[in-house]
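Participant: Need coordinates for the following:
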Amino acid sequence: MSFPEIVSREQWRAAREELRRKERAVERARAALGEERRRLPVVEVRDEYVLEGGDGKATLLDLFGDRAQLVVHHFMFAPEQETGCPCCAAFLDQLGPLAHLRARDTAFAAVSLAPFTRLLPFKARMGWTVPWYSSCHSDFNRDFEATVHRDGGPVERPGLSCFLRDGDRVFHTYSVYDDALDGIGALSGLLDLTALGRAPHGGDRLRLHDSYEH
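Facilitator: The predicted model follows:
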């Protein structure tokens with residue numbers, strides 16, 4: 001990417017204001033879309049989906065704790081792999097303390113296909129404290145379309161699924177996958193504000209945070 005045009009402060013302010021008018025239109029559209037998203041109907045989840053985590057087996061309802069909502073990160077980590085997806089890892093790196101979500105009556109957990117015995121050492125390596133569960137003995141990934149069939153075989157894809165509870169009843173409210181995750185995390189959102197965008201070094205791909213050359 002070439003270096004941006006150099007102009008006077010007055011020219012920059014005029015160009016910035018023109019862009020800001022377009023940004024405000026996008027923000028209004030985004031707010032309206034959010035309202036429409038919150039009006040989506042919900043589907044009751046009748047399967048308990050027994051998962052495996054740090055405290056042993058847990059159902060989907062258990063992942064809520066005492067919160068009303070649950071956000072699940074579909075973290076790509078196949079059973080035969082030793083490490084998880086770098087893009088999914090970058091998303092978790094940005095998450096920060098879960099207290100901000102919990103204070104808003106929302107729980108968070110990552111769920112992957114790999115056995116928990118593989119998740120645990122990778123979680124320790126990355127230094128994460130986020131709750132993380134294995135779905136290897138359930139149909140969770142398939143039912144919530146984090147594992148789909150493409151080119152004749154199963155393929156994982158990254159995503160987020162949201163759930164709401166009413167007592168002991170659990171409802172699926174929303175899911176988003178693949179490129180639609182762009183802009184949800186802080187990293188892509190911050191880089192989108194910069195002059196060079198998301199690839200200031202010629203498209204350097206995301207890596208595990210302990211794999212970059214310093």
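Participant: what residue ranges in the chain score low on pLDDT?
Facilitator: Counting by pLDDT under 70, the chain has low-confidence residues at 1, 186-190, 193, 195-196, 198-204, 214.
Participant: So residue 172 belongs to a strand, correct?
Facilitator: Yes: under DSSP: H, G, I helix; E, B strand; the rest coil, residue 172 sits within a strand.
Participant: give the contact list for the spatially closest residue to residue 178 that is not a sequence neighbour.
Facilitator: Distances taken as Cβ to Cβ, 6 or more residues apart in numbering place residue 157 nearest to residue 178, at 5.4 Å, with adjacent residues excluded. No exception for glycine: its C-beta is placed from N, CA and C like everyone else's. Shown in contact with residue 157 (Cβ atoms under 8 Å, 6 or more residues apart in numbering): 74, 76, 145, 146, 147, 148, 177, 178.
Participant: cool, residue 47 as well?
Facilitator: 60, 138, 139, 143.
Participant: what's the neighbour count on residue 30?
Facilitator: 11 (other Cβ atoms under 10 Å).
Participant: Distance of it relative to residue 24?
Facilitator: Per Cβ to Cβ, to the nearest Å, residue 30 is found 11 Å from residue 24.
Participant: can you check residue 123 too?
Facilitator: Per Cβ to Cβ, residue 123 is found 41 Å from residue 24.
Participant: Just checking, which helix or strand succeeds the lengthiest helix in the chain along the chain?
Facilitator: When the chain is parsed with DSSP state H, its longest helix is helix 9-38. Sequence-wise, the next helix or strand downstream of helix 9-38 (DSSP states H and E) is strand 43-45.
Participant: Please name the strands paired to that following strand in the sheet, noting orientation.
Facilitator: Sheet pairing of strand 43-45 (DSSP bridges) gives strand 169-177 (antiparallel).
Participant: Could you list the buried residues of the strand it pairs with?
Facilitator: The neighbour-count check on strand 169-177 (16 or more other Cβ atoms under 10 Å) flags 170, 172, 173, 175, 177 as buried.
Participant: so that strand versus helix 9-38, what angle?
Facilitator: Using axes from the mean of the first three to the mean of the last three Cα atoms, to 10 degrees, the direction of strand 169-177 lies 140 degrees away from that of helix 9-38.
Participant: Pull up the gap between residue 69 and residue 176, please.
Facilitator: 15 Å.
Participant: now for the buried residues of strand 169-177, which pair is the farthest apart?
Facilitator: The two members of the buried residues of strand 169-177 with the most space between them (Cβ to Cβ) are 170 and 177, at 20.1 Å.
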